[in-house]
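Undergrad: predicted model and sequence follow; I will ask about them next.
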Amino acid sequence: MIADLFDTQHTTLYLEIEPSNRCNARCSICPTTRRTPPTNMDMRTFCRIIESYVAYRPTMPLNRLVDDPAWPVLFLAGGGEPLINPQMEDMVGLAARSGFQTILVTNAALLTKDRIKALEDAGLAEVYVSFIGIKPDEYRRSMGIDYDKTYANVMQLRESKIPFRLTYTAASTLESTDAQITAFWQARKIEIAGPNPVWNRGGHLEQSRSKGRPAEPVRPPRFDIPCWCLRLKYWDSISANGDYVMCCCDYFGPSQPLGNLAQDSLATVHGNYARRLEQPHDICRACLRPDAFVSVGRAVHDFLRRHGFHL
Ligand SMILES: C[S@@+](CC[C@H](N)C(=O)[O-])C[C@H]1O[C@@H](n2cnc3c(N)ncnc32)[C@H](O)[C@@H]1O
Ligand code: SF4
Ligand code: SF4
């Protein structure tokens with residue numbers, strides 16, 4: 001069964017749902033080619049998606065191996081700001097009650113004290129806050145939102161019981177060094193992860209090389225290996241209208257969905273999955289950072305070790 005984890009068949013270790021494709025920020029490193037119309041996922045679609053994955057979980061080789069429906073981990077993120085959806089707290093509550101480890105990825109601009117409390121009560125497992133810059137000017141240049149307000153929200157979050165970490169991307173708009181950024185957050189007893197490299201999101205981020213720090217290594221996918229990107233094997237990405245898209249790069253620009261989970265069954269959509277690896281897709285040909293996701297391998301490795309497998 002362990003061998004199943006390394007073949008080219010798809011298995012959903014990570015499920016990313018986009019609660020909203022709208023955003024209140026304008027990050028320099030994020031494609032601005034938003035989908036139209038602006039959409040918040042409705043609760044009916046969200047429920048249907050959760051029900052589909054609850055039924056799918058027991059069939060997964062990794063879950064069967066350890067007799068624990070631990071996977072997939074659910075990320076509420078996407079190509080917009082999740083907290084724009086006023087039903088976020090209800091979504092977290094349903095996902096947590098359904099047994100999903102649920103992680104919110106947010107710019108935190110809308111993360112008020114009341115919403116933090118509601119998310120905590122709903123059972124949110126963790127928050128990743130995207131925070132690029134430690135000075136008001138560089139932050140505003142990097143993200144296009146107000147520093148003081150978001151900083152205050154982060155400090156409120158620190159008072160809650162929800163585990164969280166800050167993440168940042170190596171945007172060219174940053175003037176602070178990595179050492180300064182790390183020291184700044186460590187002094188406030190806040191975990192900081194980064195810098196994450198800027199990648200071109202399947203070609204949707206125009207002139208991506210100028211958006212990141214100079215001399216960043218970039219690597220195109222290797223199409224001579226059967227599964228050229230771990231996203232394709234391990235990750236499901238669902239956009240705000242329920243479309244099951246090729247990968248998170250396909251949130252931006254015109255997508256080629258493999259189905260729509262507001263109408264189609266997960267089995268049907270996963271059945272279309274083979275199409276993902278038949279031939280390189282346009283976004284993959286343009287993509288310069290498929291290796292941004294090698295951490296998937298480490299997470300599986302750690303999980304198996306915790307369950308007594310010595311790999
Ligand atoms: C697309 S956002 C969605 C959730 C939310 N709006 C946020 O920013 O946290 C998820 C993460 O992707 C990162 N990101 C966006 N564009 C990127 C790029 N071109 N390269 C690297 N990371 C990027 C953001 O900084 C953020 O941490
Ligand atoms: S990275 Fe997140 S916060 Fe920034 S523009 Fe993109 S979706 Fe909005
Ligand atoms: S190669 Fe890039 S565009 Fe293709 S699936 Fe991987 S991350 Fe997405």
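TA: Structure's in. What do you need? Ligands and ions are numbered 1, 2, ... in the order given.
Undergrad: need the phi and psi values for the closest residue to ligand 3 within the stretch 51-200 of the chain.
TA: Across the stretch 51-200 of the chain, the shortest distance to ligand 3 (C-beta to the nearest ligand atom) belongs to Trp199, at 7.7 Å. Quick note: C-beta positions are derived from backbone N, CA and C, even for glycine. With angles defined as degrees, to the nearest 10, Trp199 sits at phi -130, psi 170.
Undergrad: around it, how many other residues sit close by?
TA: For Trp199, the neighbour count with other C-beta atoms under 10 Å is 22.
Undergrad: what separation do you get for the one residue in the stretch 151-300 of the chain that gets nearest to ligand 2 and Pro257?
TA: Using C-beta to the nearest ligand atom, the point where the stretch 151-300 of the chain gets nearest to ligand 2 is Thr169, with a distance of 8.0 Å. Summarising the geometry, the distance separating Thr169 from Pro257, computed by C-beta to C-beta, to the nearest Å, is 26 Å.
Undergrad: quick one on the thing from earlier: and the gap between the residue of the stretch 51-200 of the chain closest to ligand 3 and ligand 1?
TA: From Trp199 across to ligand 1, the span is 5 Å (C-beta to the nearest ligand atom, to the nearest Å).
Undergrad: same question, Thr167
TA: Relative to ligand 1, Thr167 is positioned 5 Å away (criterion: C-beta to the nearest ligand atom).
Undergrad: what is that residue paired to in the beta sheet?
TA: According to DSSP bridges, the residues that bridge with Thr167 are Ser130, Ala193.
Undergrad: got the contact list for it?
TA: Under the criterion of C-beta atoms under 8 Å, 6 or more residues apart in numbering, the neighbours of Thr167 are Tyr128, Val129, Ser130, Phe131, Ile192, Ala193, Gly194, Asn196.
Undergrad: so what's the last one closest to, chain neighbours aside?
TA: Nearest residue to Asn196, sequence neighbours excluded (C-beta to C-beta, 6 or more residues apart in numbering): Thr169, at 4.8 Å.
Undergrad: cool, the fifth one as well?
TA: Beyond its immediate neighbours in the sequence, the residue positioned closest to Ile192 (C-beta to C-beta, 6+ apart) is Trp185, lying 4.0 Å away.
Undergrad: using the three-state scheme, assign the one you found.
TA: Reduced to three states with DSSP: H, G, I helix; E, B strand; the rest coil, the structure at Trp185 is helix.
Undergrad: state the pLDDT value of the residue nearest to Asn196.
TA: On pLDDT, Thr169 comes in at 93.
Undergrad: spit out the contact partners of it.
TA: Cys27, Ile29, Ser130, Ile132, Gly194, Pro195, Asn196, Pro197, Val198, Gly212 are the contacts of Thr169 under C-beta under 8 Å, 6+ apart.
Undergrad: for the stretch 201-311 of the chain, which residues are neighbours of ligand 3?
TA: Of all the residues in the stretch 201-311 of the chain, those in contact range of ligand 3 (C-beta under 6 Å from any ligand atom) are Gly202, Pro221, Cys229, Arg231, Leu232, Cys247, Cys249, Ile283, Cys284, Cys287, Pro290.
Undergrad: ranges for the strands of the stretch 51-200 of the chain?
TA: For the stretch 51-200 of the chain, the strands defined by DSSP state E, counting those that start in this stretch occupy 73-76, 102-106, 126-130, 164-169, 192-196.
Undergrad: just the pLDDT for the residue lying closest to Pro280 once chain neighbours are set aside.
TA: Computed as C-beta to C-beta, 6+ apart, the closest residue to Pro280 that is not its neighbour in sequence is Phe223, at 4.9 Å. The model reports Phe223 with a pLDDT of 85.
Undergrad: now do the SS call for Phe223.
TA: When the structure is split into helix, strand and coil by three-state DSSP, Phe223 lands in coil.
Undergrad: so where do the helices sit in the stretch 101-250 of the chain?
TA: Counting by DSSP state H, counting those that start in this stretch, the stretch 101-250 of the chain has helices at residues 113-122, 136-143, 147-158, 178-187, 208-211, 230-234.
Undergrad: residues touching the first one, excluding its own?
TA: The one in question is helix 113-122. Contacting residues not belonging to helix 113-122 are listed as 83, 88-90, 92-93, 96, 104, 127, 153, 156-157, 160-162 [C-beta under 8 Å, 6+ apart].
Undergrad: mind checking which of those residues are buried?
TA: Judged by neighbour count, with 16 or more other C-beta atoms under 10 Å as the criterion, the buried members of the contacts of helix 113-122 are 83, 88-89, 92-93, 96, 104, 127, 153, 156-157, 160, 162.
Undergrad: on that earlier part again, now, of the helices of the stretch 101-250 of the chain, which is deepest in the fold?
TA: With neighbours defined as mean count of other C-beta atoms under 10 Å, the helices of the stretch 101-250 of the chain peak in mean count at helix 230-234, which reaches a mean of 21.
Undergrad: helices or strands up against that one?
TA: Contacting helix 230-234 under the criterion 3 or more C-beta pairs under 8 Å, 6 or more residues apart in numbering; DSSP states H and E are the following elements: helix 295-306.
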